[in-house]
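[1] Need a 3D model of the following:
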Amino acid sequence: MNRLSIVLLSGTLLLAACGADRNSPPPQATISTPARDLNVNTSFQAQPTAVSDAIVAEADAEYLLLTSVYERIAPSVVNIEVVVATSDDELRQGLEDGTAKGSGFVLDLNGYIATNAHVVSDASEISVTFNDGYVVSAELVGADLFSDVAVIQVAADTSHLHPVTFATAAVRVGERAIAIGNPFGLNSSMTVGIISGLGRQLPSAELISNDITPGFNNPSIIQVDTDINPGNSGGPLLNSRGEVIGINTAIRTESGIFEGVGFAVPAQTVRRVVPQLIETGQMEYAWLGITSLAAEEGLGVAALAEPLNLPVDQGVLIDTIVPNSPASKAGLQGGNAPTTVRGVTVCTGGDIIVAVNGVYVKNMDELLSYMVLNTEPGDALTMLIIRGNDTFELLLTLEARPTGVTSIPVVCGG
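    Next up is the predicted model:
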């Protein structure tokens, strides 16, 4: 299965006996000898004094907070089990339908539940188990493989439905990050860590599942050190108030289990995507049509400003322009001169996007995040551009992101 697919692992629970061996000899009687006969110091040994209730309460404050979050939010988190139907080609190969598990959380009293698209997008049957053990079938409302967000719906009595609350404040590195889900099928499990990074990008679930050349990345991804394992996919990532700050989505691993780095789709993206999925069953994104080198690989404007003598140290240096794209039609220019920087060939000479509609962007992630959260196909963007020694504004009309993209040209000067 692909990196973002649910991986089911089974384990054996070993119970250790705590009683004595029945065949062992009875304990031998001991004879008490007065301490004075053994020359032992019989001075009084004071017992440790218990700390005050105030100190105990202070020490347990964090655990009381976590207990409160769990007791309030666990009823909102569900276990999702799907039957994945095989294709005709797979049937001819003798493969059978399979099952997979993930997590989700209740959105409202209409029975809408959020989860990951990669959990349910290929499901022929979906079953939902609530925290109280109630089981009900669900229908797929819509799935967006780009953001890896999906919505399913159940017909359940409102007594089973406990909607979550989404956070509105921006998250910060170092803040507490709480995950509740069903790792390895263990229902209603909580793990705790911190936000360890922000502004990551992940390849879309569609690109991974179809094994095609990555062209569109999911921006503003939250990185956590909270334990996330197979089965946690689709469950909520929470702050200390019990508010949803993201959907647990993926891990970076070589073993298939958590190795210290997990990722979650941010709440802002979820809140943007879910209403469209409920309304139309799909999400349509605006498209610009440029590529830029990855800042995380040391090839962003901040890292290239000095070696390339760029006039700014923030922004998006355009690498290539996709033919017949909005960027191409508006007259944006890509790089035209291959240059070696720290042993890497960089396509230099392209336009630098500094701001969009008056909002300054530091890198490609911020540009993508702005577009995902604030624009739709047909919207006009006013872009602040630096080209050589000139600074000017350029008007561009966005189009709908094309489907079925299998590659993006990366020819310098092409």
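[2] For the rest of this, base every contact and every neighbour count on C-alpha atoms.
    OK.
[3] Name every strand pairing with the helix or strand where Thr99 lies and say which way it goes.
    Assessed by DSSP states H and E, Thr99 sits inside strand 98-106. Here strand 98-106 has these sheet partners by DSSP bridges: strand 77-84 (antiparallel), strand 112-115 (antiparallel).
[4] quick one: contacts for the residue positioned nearest the centre of the chain?
    Geometric centre of the chain, nearest residue: Ala264, 1.5 Å, by Cα atoms, centre = their mean. Applying Cα atoms under 8 Å, 6 or more residues apart in numbering, we find Ala264 in contact with 221-224, 237, 246-250.
[5] possible to save these as CSV with pLDDT and secondary structure?
    CSV is the format used below for the contacts of Ala264 (pLDDT from 0 to 100; DSSP: H, G, I helix; E, B strand; the rest coil):
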residue, pLDDT, secondary structure
Ile221, 91, strand
Ile222, 93, strand
Gln223, 94, strand
Val224, 94, strand
Leu237, 97, strand
Gly246, 96, strand
Ile247, 96, strand
Asn248, 94, strand
Thr249, 90, strand
Ala250, 80, strand
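[6] Of those, which is the nearest to Pro183?
    Asn248 (11.3 Å; Cα to Cα).
[7] For that closest one, list each beta-bridge partner.
    Ala264.
[8] Go ahead and confirm it touches Ile228.
    Yes. Asn248 lies in contact with Ile228 (Cα atoms under 8 Å); the separation is 7.5 Å.
[9] so what sits against both of those two?
    Residues touching both Asn248 and Ile228 by Cα under 8 Å, 6+ apart: 179, 262.
[10] Any regions of the stretch 101-250 of the chain where pLDDT drops low?
    Across the stretch 101-250 of the chain, the ranges flagged by pLDDT under 70 are 204-216.
[11] what's the lengthiest strand in the chain in contact with?
    Taking DSSP state E as the criterion, the chain has its longest strand at strand 189-203. For strand 189-203, contacts defined as Cα under 8 Å, 6+ apart pick out 70, 171-183, 214, 216-228, 365-366.
[12] which stretches of the stretch 101-250 of the chain form helices?
    Assigned helices in the stretch 101-250 of the chain, in chain order: 117-120, 205-210 (criterion: DSSP state H, counting those that start in this stretch).
[13] what do you get for the stretch 301-414 of the chain?
    Under DSSP H, counting those that start in this stretch, the stretch 301-414 of the chain gives helices at 301-304, 326-330, 364-374.
[14] Among the ones you listed, which comes closest to Leu140?
    Going by Cα to Cα, the one of the helices of the stretch 301-414 of the chain nearest Leu140 is helix 364-374, 23.0 Å.
[15] distance between that closest one and the chain's centre?
    17 Å (Cα atoms, centre = their mean, to the nearest Å).
[16] ok and that helix relative to strand 189-203, angle-wise?
    Helix 364-374 and strand 189-203 are oriented at 100 degrees to each other (axes from the mean of the first three to the mean of the last three Cα atoms, to 10 degrees).
[17] packing partners for helix 364-374?
    Judged by 3 or more Cα pairs under 8 Å, 6 or more residues apart in numbering; DSSP states H and E, helix 364-374 is in contact with strand 189-203, strand 217-224, helix 267-280.
[18] Mean neighbour count and distance to Ala327 added to the ones you listed, as JSON lines?
    Below are the helices and strands packed on helix 364-374 laid out as JSON lines (neighbours: other Cα atoms under 10 Å; distance: least, Cα to Cα, whole Å):
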{"stretch": "strand 189-203", "mean neighbour count": "18", "distance to Ala327": "22"}
{"stretch": "strand 217-224", "mean neighbour count": "25", "distance to Ala327": "18"}
{"stretch": "helix 267-280", "mean neighbour count": "18", "distance to Ala327": "24"}
